[in-house]
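Q: Sharing a sequence plus its predicted fold:
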Amino acid sequence: MSLVSNALTSDEIILIHNTSWLHCSVVKRGYSGNVDLETSIVDVYGKCGAMSDARRVFDEIESPSDVSWNVVVRRYLEMGLNDEAVVMFFKMLELNVRPLNHTVSSVVLACSRSMALEVGMVIHAIAVKLKFLPDTIVSTSIFDMYVKCGRLESARRVFDETKSKDLKFWTSAMSGYAMNGITREARELFDLMPERNIISWNAMLGGYVRASKWDEALEFLALMRKEVEGIDNVTLVWILNVCSGVSDVQTGKQAHGFVYRHGYDANLIVANALLDMYGKGGAFGSANALFRQMSELRDEVSWNALLTGLARVGRSEQALSFFEGMQLEAKPSKYTLATLLAGCANVPALGLGKATHGFLIRNGYDVDDVLRGAMVDMYSKCRCFDYAIKVFEEAAATRDLMLWNSMIRGCYRNGRSKEVFELFMAMEDEGVKPDHVTFLGILRACIREGHVELGFQYFSSMSNRYFVLPQVEHYDCMVELYCKYGCLRQLEEFLLLMPFDPPVQMLTRINDASKKYGWRKLGEWAAERLHE
């Protein structure tokens, strides 16, 4: 039987053995033609992660029922085997087996995870043909896929065509925009919602926080104070994240008082958000006091919040002392070490970073690409780029997207922008798909090297070739590129394509460039909007 025992609980192992025994009994007693019984065996194997056994049993079913097909597709999806799930989905359609709405929804979700837009569009057409729309479960998944793949017009069309929108659908659609950083469209839907609950409010606030749009988040919090009667632990976490983002320790302390008065101090997620807020605000007395109070509650995230807070402000010796204390309670995980390296990168604190690197090697940690990426980032920011190159080259056989992105960032930060383009080509040759972080590094390299046309080509390829949705930062890079090199005619054409109104920083840059290069009409346009 094919399974990795150490990835399973003892109960699951016992269940698989019992299922295997039951399967043998079914065959021996001549019940192998019982489709319902065999489907149940497929289901149990799948639930335990033994998909090769589940598939073997499924293939032995002489005439799988609709339920059999839906079960095997669903279990593939739950295991993250998206390609296998999609293949089985199309096989069941070839045999005229009708999928359940949950199955269609899940397969579309698999396309979202893989950014497989073309396959997702085919499934969308199938869903229309089989009259699954306007089922809200299927509509929500299709909407989400289009948002993740950057097809906002298609997403909005799905939303508008769904006539019976319940609160859950409204919230899911708005959350889809918000959690993908598309806060303008999210807020538009939020304002149109016929009714809202705390989940809706939290999703919108969370969208602003994830996008680091602190002004909008503060304005939204003011609205929440007027409109919302009761908040929950999720709201509190987002509020504390806002306080962290704007380094507002005083408001954070008021929130801490609310947490204490209403009994949320026993909630580990809220307590960790408080620690993070104090750490980012430099209030280490309060952070330390809270950390001691959490002696029975704290976990790895608690240690991380305190360690990175200390590392971020350059308190390397104190961070090292806390790090040693942590080792008395538990062995630091790779996540903790990666977080500590990230904190060292932000100061920068080369000494602490090297000490952490040494600790990894001495204690025999399996250094994966997450840790390598953190080390490359730390050495790059500490201007020890030769060390970063060495770490990157040691991972030649296993480099993932995060590590490539770290190296690309390191190149342009260390004045080696020309190498960014070589890295991008090598990355493609290795079959690694770029994301929005990759393109941010490429566009910044174009700014440094003065590659205006090449920059626009890379920007256009994001959505046209790679299905990566450009974010505000990418538009800002293009505006900076055009402004820096006096390409204001191209800038005017580019501004017409922007799906949002330019923020103040962008308008200021446009106004300054227009004055510098004598582009009066564009300058007047920017100035008018700056004074609105």
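A: Happy to help now that I have it.

Q: Check the offset of stretch 125-134 from the chain's centre.
A: The chain centroid and the centroid of stretch 125-134 are separated by 29 Å, computed with Cα atoms, centre = their mean, to the nearest Å.

Q: Repeat that for stretch 364-381.
A: On the basis of Cα atoms, centre = their mean, stretch 364-381 sits 20 Å off its chain's mean C-alpha point.

Q: Can you show me the CA trace of it as PDB?
A: The C-alpha trace of stretch 364-381 is given here as PDB (Å, rounded to 0.1, in the frame of the first residue of the first chain):
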ATOM      1  CA  GLY A 364      21.700  20.400  10.700                       C
ATOM      2  CA  TYR A 365      18.500  22.200   9.400                       C
ATOM      3  CA  ASP A 366      17.300  21.200   6.000                       C
ATOM      4  CA  VAL A 367      17.800  24.500   4.200                       C
ATOM      5  CA  ASP A 368      15.000  24.900   1.700                       C
ATOM      6  CA  ASP A 369      14.200  27.600  -0.700                       C
ATOM      7  CA  VAL A 370      12.300  29.700   1.900                       C
ATOM      8  CA  LEU A 371      15.400  29.900   4.100                       C
ATOM      9  CA  ARG A 372      17.700  30.400   1.100                       C
ATOM     10  CA  GLY A 373      15.400  33.200  -0.100                       C
ATOM     11  CA  ALA A 374      15.600  34.800   3.300                       C
ATOM     12  CA  MET A 375      19.400  34.500   3.300                       C
ATOM     13  CA  VAL A 376      19.800  35.900  -0.200                       C
ATOM     14  CA  ASP A 377      17.500  38.800   0.800                       C
ATOM     15  CA  MET A 378      19.400  39.500   4.000                       C
ATOM     16  CA  TYR A 379      22.900  39.400   2.400                       C
ATOM     17  CA  SER A 380      21.700  41.500  -0.400                       C
ATOM     18  CA  LYS A 381      20.300  44.200   1.800                       C
END
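
Q: Okay, buried residues for it please.
A: By neighbour count on 16 or more other Cβ atoms under 10 Å, the buried set for stretch 364-381 is 367, 369-381. The C-beta positions use only the backbone N, C-alpha and C, and glycine is treated the same way.

Q: now what about it, what contacts it?
A: 334-335, 337-339, 341-342, 344-346, 348, 350, 353, 357, 360-361, 385, 387-388, 391-392, 394-395, 398-400, 402-403, 405-407, 409-410, 413-414 (Cβ atoms under 8 Å, 6 or more residues apart in numbering).

Q: In helices, which of the residues you listed fall?
A: In helices, judged by DSSP state H, the following of the contacts of stretch 364-381 are found: 334-335, 337-339, 341-342, 344-346, 350, 353, 357, 360-361, 385, 387-388, 391-392, 394, 402-403, 405-407, 409-410, 413.

Q: Make a ChimeraX selection of the buried ones in those residues.
A: Applying 16+ other Cβ under 10 Å to the ones in helices among the contacts of stretch 364-381, the buried members can be selected in ChimeraX as follows:
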select :337,338,339,341,342,344,345,350,353,357,360,385,387,388,391,392,402,403,405,406,407,409,410,413
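
Q: List the contacts of the helix or strand hosting residue 523.
A: Secondary structure assignment for residue 523, by DSSP states H and E: helix 520-530. The contact list for helix 520-530 (Cβ under 8 Å, 6+ apart) reads 488, 491-492, 501-502, 504, 507-508, 510-511, 514-515.

Q: Pick the one among the residues you listed closest to residue 271.
A: Set against residue 271, the nearest of the contacts of helix 520-530 by Cβ to Cβ is residue 504 (36.1 Å).

Q: In CSV, list the buried residues of stretch 364-381 along with distance to residue 438, secondary structure and pLDDT.
A: Shown next, in CSV, are the buried residues of stretch 364-381 (distance: Cβ to Cβ, whole Å; DSSP: H, G, I helix; E, B strand; the rest coil; pLDDT from 0 to 100):
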residue, distance to residue 438, secondary structure, pLDDT
367, 22, coil, 85
369, 15, helix, 80
370, 17, helix, 83
371, 20, helix, 88
372, 16, helix, 88
373, 13, helix, 86
374, 17, helix, 88
375, 19, helix, 91
376, 14, helix, 91
377, 14, helix, 88
378, 19, helix, 89
379, 20, helix, 91
380, 15, helix, 90
381, 18, helix, 87
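
Q: next structured bit after the lowest-mean-pLDDT helix or strand in the chain?
A: Sorted by mean pLDDT, DSSP states H and E, the helices and strands of the chain end with helix 10-28, the least confident at a mean of 45. Next along the chain after helix 10-28, taking DSSP H and E as the criterion, comes helix 35-47.

Q: So which bits of that following helix are buried?
A: Across helix 35-47, burial judged by 16+ other Cβ under 10 Å covers 38-47.

Q: Same question for stretch 274-294.
A: By neighbour count on 16+ other Cβ under 10 Å, the buried set for stretch 274-294 is 274-284, 286-288, 290-291, 294.

Q: Give me the distance between it and the centre of its chain.
A: Here stretch 274-294 is found 26 Å from its chain centre; the criterion is Cα atoms, centre = their mean.

Q: C-alpha coordinates for that stretch, PDB please?
A: What follows is stretch 274-294 as a C-alpha-only set of coordinates in PDB (Å, rounded to 0.1, in the frame of the first residue of the first chain):
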ATOM      1  CA  LEU A 274      -0.800  43.000  19.900                       C
ATOM      2  CA  LEU A 275       2.800  41.800  20.200                       C
ATOM      3  CA  ASP A 276       3.400  42.500  16.500                       C
ATOM      4  CA  MET A 277       1.900  46.000  17.000                       C
ATOM      5  CA  TYR A 278       4.100  46.800  20.000                       C
ATOM      6  CA  GLY A 279       7.200  45.400  18.300                       C
ATOM      7  CA  LYS A 280       6.700  47.400  15.100                       C
ATOM      8  CA  GLY A 281       6.000  50.500  17.100                       C
ATOM      9  CA  GLY A 282       9.200  50.100  19.100                       C
ATOM     10  CA  ALA A 283       7.300  49.800  22.400                       C
ATOM     11  CA  PHE A 284       9.400  47.000  23.700                       C
ATOM     12  CA  GLY A 285       8.600  47.600  27.300                       C
ATOM     13  CA  SER A 286       4.900  46.900  26.600                       C
ATOM     14  CA  ALA A 287       5.800  44.000  24.200                       C
ATOM     15  CA  ASN A 288       8.000  42.400  26.800                       C
ATOM     16  CA  ALA A 289       5.400  42.700  29.600                       C
ATOM     17  CA  LEU A 290       2.700  41.200  27.300                       C
ATOM     18  CA  PHE A 291       5.100  38.400  26.300                       C
ATOM     19  CA  ARG A 292       5.700  37.500  29.900                       C
ATOM     20  CA  GLN A 293       2.000  37.400  30.600                       C
ATOM     21  CA  MET A 294       1.600  35.000  27.700                       C
END
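
Q: what's next to it, contact-wise?
A: For stretch 274-294, contacts defined as Cβ under 8 Å, 6+ apart pick out 240-241, 243-244, 247-249, 252-253, 255-256, 259, 265, 271, 298, 302, 305-306, 308-310, 312-313, 315, 318.

Q: what sits against the residue nearest to residue 194 when sequence neighbours are not counted?
A: Closest residue to residue 194 apart from its sequence neighbours, by Cβ to Cβ, 6 or more residues apart in numbering: residue 170 at 7.6 Å. The contact partners of residue 170, by Cβ under 8 Å, 6+ apart, come to 189, 193-194, 200.
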